[in-house]
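Model the following, please.
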Amino acid sequence: MHGSVVLANPGFPDTYGRLSNARFEAVRPRNRPGPDPPSVPPVRRLTAGFLITVLAGACSPSAPSSETAPSTDRPGPVVEVTHVFDGDSFEVLMDGVVTEIRLIGINAPEGDECHGDESRDALIELLSNGTIRLEEDPGGAGDADRYGRLLRYVSVGDTPVNETLLERGDAVALQSGHERREAFAAAATAAAEAGVGMWARDACGPPPPDGVGIVAVDYDPPGADETSLGAETVTIENTGAAPVDLEGWTLRDESSQNRYTFASLVLEPGDRVTVAAGCGADTRNSRFWCADSPVWSNGGDTAIIQDARGNVVDWWIYTATK
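Just a heads-up that it's a prediction; the model follows:
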């Protein structure tokens, strides 16, 4: 089933929280909400980690991108990449301080999700290829996220790491809170249309049945967002010739938090089911997420259906306009 791209109006708050004057000497944040999970061992150690050189000035908001970097850049301190957590975050040891880096504008699958290991390995490969540049976002991302991780565009030589991961299908684009959201959405859309990486219908096992797809996303119904959850909906249709059991299937957005998993539901040929963000009584054609807050961003988002194995069944990208 081919995905869809539509335009939306801007106005959703920044994806990333801000943390002023974050002190990484005292805080070693994790990339999950709520209490810290158990310590995560290194994904890969290359003897004592692998060494990279960070270009001087690259952490400044005014630092040029890798495409326009002047030849006068002087090497900064050599740092050790000690952990790569997943496809969008890694840890470095620099001047004796452990610091976690979160790639701006992308969200890679978690380690226990479909394509999570492949995304992590892709980031490891990219970081191993030479001198890296860390660049802040001059727009709305801020210096660090709410977990204390430094938010950065990362490039290795002439390769923009964040965008390359999107182009290869190793991550979903985040469409709020950063300056490059339009380019990132375009890169993710191209990967989804090509069915590469996490977008492949057989990324994690036999592909799902044909015919099930997203036909509508009502992300900004009339009224205040917080009081209109029942009208914030995604509609899914079976246009195939055979019934499809959706039990264990997931409807998600581009974040790592919002997931709705279907209980037993057989979608007959020609049938539709609408999933509302609010609470209510489930019926054959209506399901209720019962989310605490709006799920779908008014400023652009990605709706994804995945089967019980994690294969992408269909997707719907809508982007913000300036």
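
When you work out contacts or count neighbours from here on, use the C-alpha atoms and nothing else.
Noted.

How many neighbouring residues does residue 279 have?
14 (other C-alpha atoms under 10 Å).

For it, grab phi and psi.
Dihedral angles of residue 279 (phi, psi; degrees, to the nearest 10) stand at phi -100, psi 160.

quick one: which helix or strand includes the closest residue to it other than its chain neighbours?
Nearest in space to residue 279, with sequence neighbours left out and distances taken as C-alpha to C-alpha, 6 or more residues apart in numbering, is residue 290 at 4.1 Å. Under the criterion DSSP states H and E, no helix or strand holds residue 290.

burial count for the spatially closest residue to residue 203 that is not a sequence neighbour?
Taking C-alpha to C-alpha, 6+ apart, and ignoring the residues beside it in sequence, residue 203 has residue 311 as its nearest neighbour in space, at 5.7 Å. Counted with other C-alpha under 10 Å, residues neighbouring residue 311 total 25.

residues contacting the residue nearest to residue 279?
Contact analysis of residue 290 by C-alpha atoms under 8 Å, 6 or more residues apart in numbering lists 276-280.

tell me the two of those that are most distant?
In those, the most distant members under the criterion C-alpha to C-alpha are 277 and 280, with 9.5 Å between them.

Between these two, which contacts overlap?
Contacts common to residue 277 and residue 280, judged by C-alpha under 8 Å, 6+ apart, are 230, 288, 290.

Show the contacting residues for the residue nearest to residue 203.
When the contact criterion is C-alpha under 8 Å, 6+ apart, the partners of residue 311 are 114, 198-205, 207-208.

Those into JSON lines, with extra columns for neighbour count and pLDDT?
Rendered in JSON lines, the data for these read as follows (neighbours: other C-alpha atoms under 10 Å; pLDDT from 0 to 100):
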{"residue": "114", "neighbour count": "19", "pLDDT": "97"}
{"residue": "198", "neighbour count": "28", "pLDDT": "98"}
{"residue": "199", "neighbour count": "27", "pLDDT": "98"}
{"residue": "200", "neighbour count": "19", "pLDDT": "98"}
{"residue": "201", "neighbour count": "22", "pLDDT": "97"}
{"residue": "202", "neighbour count": "18", "pLDDT": "97"}
{"residue": "203", "neighbour count": "18", "pLDDT": "98"}
{"residue": "204", "neighbour count": "17", "pLDDT": "96"}
{"residue": "205", "neighbour count": "11", "pLDDT": "97"}
{"residue": "207", "neighbour count": "16", "pLDDT": "97"}
{"residue": "208", "neighbour count": "18", "pLDDT": "97"}
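
tell me the phi and psi of the residue positioned nearest the centre of the chain?
With distances taken as C-alpha atoms, centre = their mean, the chain has residue 107 as the residue nearest its mean C-alpha position (1.9 Å). The phi/psi pair for residue 107 (degrees, to the nearest 10) reads phi -140, psi 110.

So it is in contact with residue 176, correct?
No. Counting by C-alpha atoms under 8 Å, no contact exists between residue 107 and residue 176, whose distance comes to 12.0 Å.

where exactly do the strands run in the stretch 151-300 of the chain?
Taking DSSP state E, counting those that start in this stretch as the criterion, the stretch 151-300 of the chain carries its strands at 159-160, 172-173, 212-218, 233-238, 244-245, 250-252, 259-261, 266-267, 272-276, 286-288, 300-306.

Just say which of those is most tucked in.
For the strands of the stretch 151-300 of the chain, the largest average neighbour count (mean count of other C-alpha atoms under 10 Å) is found in strand 172-173, namely a mean of 30.
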